[in-house]
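# Sequence first, predicted model second:
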Amino acid sequence: MIMDSEILPQAGAIAEVAARIADAPDIAALAACAAEARQVAIALQHESAGSALVTRVLSRLNDAVATRVLVLLALRFRLPPARWCWLGLGSEGRLEQTLATDQDNGLVFSASDDGEARQLRELFLPFARAANQALAECGFSLCDGEVMAGNPRWCLSQSEWLENFAAWVRTPEPEALLNAAIFFDFRPLAGDAGLSAELRRALSELTRGNEIFLRMMTVNALAASPPLGRLRDFVTEAEAGGTIDLKKFGSRIFVDAARILALGTGIAETATAPRLRRVALEGEMTPADAEAAVHAFHALQDIRLAGQTGGGLAGQAPANHVDPERLNEFDRRILLEALRQARKLQQKLKTRFHLET
């Protein structure tokens, strides 16, 4: 007889944690559940489940924690009778959370005009701030950049969100491009998902085929290049103890490229691997190149997770840093090839948007 655990590692533990999250009576109980979810992710990583599964399971369990937080808090606050939706942003929006993550979220609500939007925002903000604090108690640290629903800048009516989106696309200055990289990976977590779907459709209309905006996004993305050397395999950061930041100079390259190509073709997907596969179907790259990029992205995520879970692949201090010299020969070769794929993907972007090579 085939057991569930033979098909999906930690299947029983995942189901048990999910059930406890759904029944959690208060924030303290949810904090304990969130800690259990992280332990499940660590166990999956130690069982070599692969980063695609580990990050997706962890992200879904984190989703459940956030949703339960919002349900519990909605009972304590007198929320207005307006449509609203809590948005997950960044890695949460992409279902790619690792163990080193903070909060990136926003809130969208419906309002008939600017005056009603101001009134509703004042009613939603105490709820949103309480949710941000509760999530922090559950282990999701507050965002240093204050990209959170409790910030009035990111607790907006649907019209206000659309005004921001349009401004960022039409005037792609550095701050606008940074905002686009964070906010355009949004995904609904709780409330009326229809609001999120309407935002996504409107955003697609703004970005599909918008060569000027996409070119500027590409220029911004190319600022982070793979740390590959000419005389030696890797270029490391001396100030970081001879390590490589695999988030900034590794996985981010694939995330950025997938986002740019997806926005350009109107693809609604937010996760990196599905985006790459979808853009291949749209003819933006060959299926073989897309699969190579997907495998390289997952390999980098595997190495990041191994460091975060104490897998012994690296002896780095910061959670996303790895010392190539501490990798075994096999993992070092994988890292090298994954970064070469990152360089190839960036070359694809340069060619696509007619940038100097």
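Looks like it came in fine.

# can I assume Ala22 sits in a helix?
Yes - counting by DSSP: H, G, I helix; E, B strand; the rest coil, Ala22 is part of a helix.

# Pretty sure it sits against Ala64.
Yes - counting by CB atoms under 8 Å, Ala64 is a contact partner of Ala22 at 6.8 Å. Heads up, the C-betas are built off the backbone N, CA and C, glycines and all.

# Any regions of this protein where pLDDT drops low?
Scanning the chain for pLDDT under 70 picks out the ranges 1-8, 230-232, 238-240, 311-318, 357.

# domain assignment for it?
4-207, 211-352 (automatic domain parsing).

# How far does the last one stretch from one end to the other?
One end of domain 211-352 to the other measures 10 Å (CA to CA, to the nearest Å).

# hang on, the earlier thing: more neighbours: Ala22 and Ala64, which one.
Ala64 (22 against 12; other CB atoms under 10 Å).

# Quickly find the element holding that one.
Under the criterion of DSSP states H and E, Ala64 resides in helix 51-74.

# What strands flank the helix or strand following that helix, and is each parallel or antiparallel?
Using DSSP H and E, the helix or strand that follows helix 51-74 in sequence is strand 84-88. Applying DSSP bridges, strand 84-88 is found paired with strand 105-109 (antiparallel), strand 187-191 (antiparallel).

# Run through the helices of the stretch 151-300 of the chain in chain order.
Here the stretch 151-300 of the chain has its helices, by DSSP state H, counting those that start in this stretch, at 158-170, 174-183, 193-207, 211-221, 252-265, 272-281, 287-308.

# follow-up on the earlier one: need the strands paired with strand 84-88 in TSV (columns: distance to Ala11 and mean neighbour count).
Shown next, in TSV, are the strands paired with strand 84-88 (distance: least, CB to CB, whole Å; neighbours: other CB atoms under 10 Å):
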stretch	distance to Ala11	mean neighbour count
strand 105-109	29	26
strand 187-191	24	20
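
# Buried residues, the helix holding Ala64. List them.
Buried residues in helix 51-74, counting neighbours by 16 or more other CB atoms under 10 Å, are found at 51-59, 61-70, 72-73.

# Which strands and helices lie in contact with it?
Helix 51-74 sits against helix 11-23, helix 27-46, strand 84-88, helix 90-93, helix 114-137, strand 187-191, helix 287-308, with contacts defined as 3 or more CB pairs under 8 Å, 6 or more residues apart in numbering; DSSP states H and E.

# which one of those lies closest to Leu281?
Leu281 lies closest, by CB to CB, to one member of these: helix 287-308, at 7.9 Å.

# Can you pull up the most central residue in this protein?
Centroid-nearest residue in the chain, with CA atoms, centre = their mean: Ser91, separated by 1.2 Å.

# Leaving out the residues flanking it, which one is nearest to that residue?
Nearest residue to Ser91, sequence neighbours excluded (CB to CB, 6 or more residues apart in numbering): Gln97, at 4.9 Å.

# How many residues are close by the one you found?
Gln97 has 26 neighbouring residues, counting by other CB under 10 Å.

# what kind of secondary structure is it in?
Assigned with three-state DSSP, Gln97 falls in the coil class.

# Backbone dihedrals for it, please?
Phi and psi for Gln97, reported as degrees, to the nearest 10, are phi -70, psi 140.

# ok, back up a step: for the helices and strands packed on helix 51-74, which one sits closest to Glu329?
When those are compared by CB to CB, helix 287-308 sits nearest Glu329, at 14.0 Å.

# Identify all contacting residues around stretch 291-299.
Residues outside stretch 291-299 that contact it (CB atoms under 8 Å, 6 or more residues apart in numbering): 50-52, 251, 254-255, 257-258, 272-273, 276-277, 285, 334-335, 337-339, 341-342, 344-345.

# scratch that, stretch 45-60
If you take CB under 8 Å, 6+ apart as the criterion, stretch 45-60 is touched by 8-10, 14, 37-38, 40-41, 44, 91-92, 95-99, 273, 298-299, 301-302, 304-306, 309, 311.

# Filter these down to just the buried residues.
Burial by neighbour count, 16+ other CB under 10 Å: within these this picks out 9-10, 14, 37-38, 40-41, 44, 91-92, 95-99, 273, 298-299, 301-302, 304-306, 309.

# Please tell me I have it right and Asp256 contacts Val219.
No - with contact defined as CB under 8 Å, Asp256 does not reach Val219; the gap is 11.1 Å.

# any shared contact partners between these two?
Residues touching both Asp256 and Val219 by CB under 8 Å, 6+ apart: none at all.

# Compare these two (neighbour count), which wins?
For Asp256 versus Val219, neighbours defined as other CB under 10 Å are more numerous around Asp256 (22 against 15).

# what's near enough to touch that one?
181, 217, 221, 224.

# Would you mind measuring from the second one to Arg304?
This points to Met217. Look at Met217 and Arg304: by CB to CB, to the nearest Å, they are 24 Å apart.
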